[in-house]
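Asker: Give the three-dimensional model of this entry:
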Amino acid sequence: MRARVVLVILAFLLPLGLPTAAHAQGDAPLPGAPNDAAADAYERGERLLQRGKLELAAEQFDKAAKLAPLFHIAHFASGNALAQAGKSREAEKRYRRALAVAPKFAPGWNALGVVLLSQGRAGDAVTALDRALRANPKHDLARLHRGEALIRVGRPEDGAKDARALLAKDPTNGDAHVVLASAEAAMGSLEKANEVLDALFVRQPGHGPGLLLRVTLRARQDRYDDAAEALAKAVERAGDQPLVRGQALRIGSKLADAARSRGETAAQVRVLKTIVVLVPKNATAHARLGAALITLYESRAAAKRDPREIENARKQLERALELDPSQESVRKLLEMYSDR
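Answerer: So this is what the prediction gives:
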């Protein structure tokens, strides 16, 4: 089955961009005029957020919102913390509460659009992001995310318009390049999509979402060796980004399956080597790599077989058993090749 181009969500971990509780003591009060108790709870939430205590932070933001129901920033902050914790449904509720209080709050509509997009509700996301742009036509993140959502609902031409508008404003906007490349690919222009990514990589060679989109484009062109190389490059250049690592693992798993079904064993091995780098303690990943190395070894003419491949295969199978001794199929395969 031919791999599909999947648009990478670019900015799910939304920067809060919130006023701090310290403003309550200065000339600029917090929006919603919270009382002192609400401001204190909000400040505690900020401190917890800075320490990575996302759900505890959300509890404090919720407390602040309960103490001051018109304090829409507290609802919004709780939504952001929950979104970062992966609780998109709960985040959606908080964003809707913020918008019920402040219906022209553009960041709230943008954040709601992002979580709806993450839930696969692209049509609803477009509606929310349209509201964000009506409230603030200069909200660049909302325009970026609307471009993503429009591609998802089958309107890549309109998604491309949003991306081009952002690039006209800032030609260095890497995420807009990715949206434009995705739109071109969705319209069937794979070469144009690759040209957009080439221009991106001149300025930002380590742009994670762009590198991952390159993987899917190469796979769609049935260029599995190039796709495997692109995946390795994405992990090498942007593997310190948690979202990139997660997306790389998902894309890599599908790519390995596609390469295997097409008989592209060398590409499959390359992809599985990258997956092992991503999840070094995953027994299944080591087992799959070991089996693929054996398949590659056996596919060669006897005179061209490299003993190092079979030795590496044994090491991978041994590592798989070390991590999970219950894998009897792996044990039997290792026994078959123990004396090779």
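
Asker: The helix or strand encompassing Glu298: which residues count as buried?
Answerer: Using DSSP states H and E, the secondary-structure element containing Glu298 is helix 283-299. Under the neighbour-count criterion of 16 or more other C-beta atoms under 10 Å, helix 283-299 has 283, 285-294, 296-297 buried. Glycine gets a C-beta too; all of them are placed from N, C-alpha and C.

Asker: Nearest residue to Ala186 in space, ignoring adjacent ones along the chain?
Answerer: Taking C-beta to C-beta, 6 or more residues apart in numbering, and ignoring the residues beside it in sequence, Ala186 has Pro156 as its nearest neighbour in space, at 3.8 Å.

Asker: wait, that neighbour sits on Met187?
Answerer: Yes. Pro156 is in contact with Met187 according to C-beta atoms under 8 Å; the separation is 4.9 Å.

Asker: Poorly predicted segments of the stretch 201-340 of the chain, please.
Answerer: Residues of the stretch 201-340 of the chain meeting the criterion pLDDT under 70: 340.

Asker: Which residue ranges of it form helices?
Answerer: Counting by DSSP state H, counting those that start in this stretch, the segments of the stretch 201-340 of the chain that form helices are 208-220, 224-238, 242-261, 265-278, 283-299, 307-323, 328-336.

Asker: Among those helices, show me which one is buried the most.
Answerer: The highest mean neighbour count among the helices of the stretch 201-340 of the chain belongs to helix 208-220 (a mean of 25), with neighbours defined as mean count of other C-beta atoms under 10 Å.

Asker: roughly how far apart are the most centrally placed residue in the chain and Arg146?
Answerer: Geometric centre of the chain, nearest residue: Leu243, 4.5 Å, by C-alpha atoms, centre = their mean. Between Leu243 and Arg146 the distance, using C-beta to C-beta, to the nearest Å, works out to 20 Å.

Asker: now do Ala230
Answerer: Ala230 sits at a distance of 27 Å from Arg146 (criterion: C-beta to C-beta).

Asker: distance from the centroid: which residue in the protein tops it?
Answerer: With C-alpha atoms, centre = their mean as the measure, the chain has its most outlying C-alpha, relative to the mean C-alpha position, at Ala303: 44.1 Å.

Asker: show me what contacts that one?
Answerer: Residues near Ala303 by C-beta atoms under 8 Å, 6 or more residues apart in numbering: none.

Asker: before we move on, back to that, other SSEs contacting the helix holding Glu298?
Answerer: helix 242-261, helix 265-278, helix 307-323, helix 328-336 (3 or more C-beta pairs under 8 Å, 6 or more residues apart in numbering; DSSP states H and E).

Asker: Which of these sits closest to Arg152?
Answerer: Arg152 sits nearest to helix 242-261 of all these, at 15.8 Å, using C-beta to C-beta.

Asker: ok now that closest one, how far from the chain's centre?
Answerer: Per C-alpha atoms, centre = their mean, to the nearest Å, the displacement of helix 242-261 from the mean C-alpha position of its chain is 12 Å.

Asker: Measure how it sits relative to helix 265-278, angle-wise.
Answerer: Interaxial angle of helix 242-261 relative to helix 265-278 (axes from the mean of the first three to the mean of the last three C-alpha atoms, to 10 degrees): 150 degrees.

Asker: Mind exporting the C-alpha coordinates of helix 242-261 to CSV?
Answerer: Presented in CSV, the C-alpha positions along helix 242-261 are these (Å, rounded to 0.1, in the frame of the first residue of the first chain):
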residue,chain,number,x,y,z
PRO,A,242,10.0,15.2,21.9
LEU,A,243,7.3,15.8,19.3
VAL,A,244,9.7,15.0,16.5
ARG,A,245,10.8,11.8,18.1
GLY,A,246,7.2,10.7,18.6
GLN,A,247,6.2,11.5,15.0
ALA,A,248,9.4,9.9,13.7
LEU,A,249,8.5,6.7,15.5
ARG,A,250,5.0,6.6,14.1
ILE,A,251,6.1,7.4,10.6
GLY,A,252,9.1,5.1,10.8
SER,A,253,6.9,2.1,11.8
LYS,A,254,4.6,2.6,8.8
LEU,A,255,7.6,3.2,6.5
ALA,A,256,9.2,-0.1,7.7
ASP,A,257,6.0,-2.0,7.0
ALA,A,258,5.7,-0.4,3.5
ALA,A,259,9.3,-1.1,2.6
ARG,A,260,8.9,-4.7,3.7
SER,A,261,5.7,-5.2,1.6
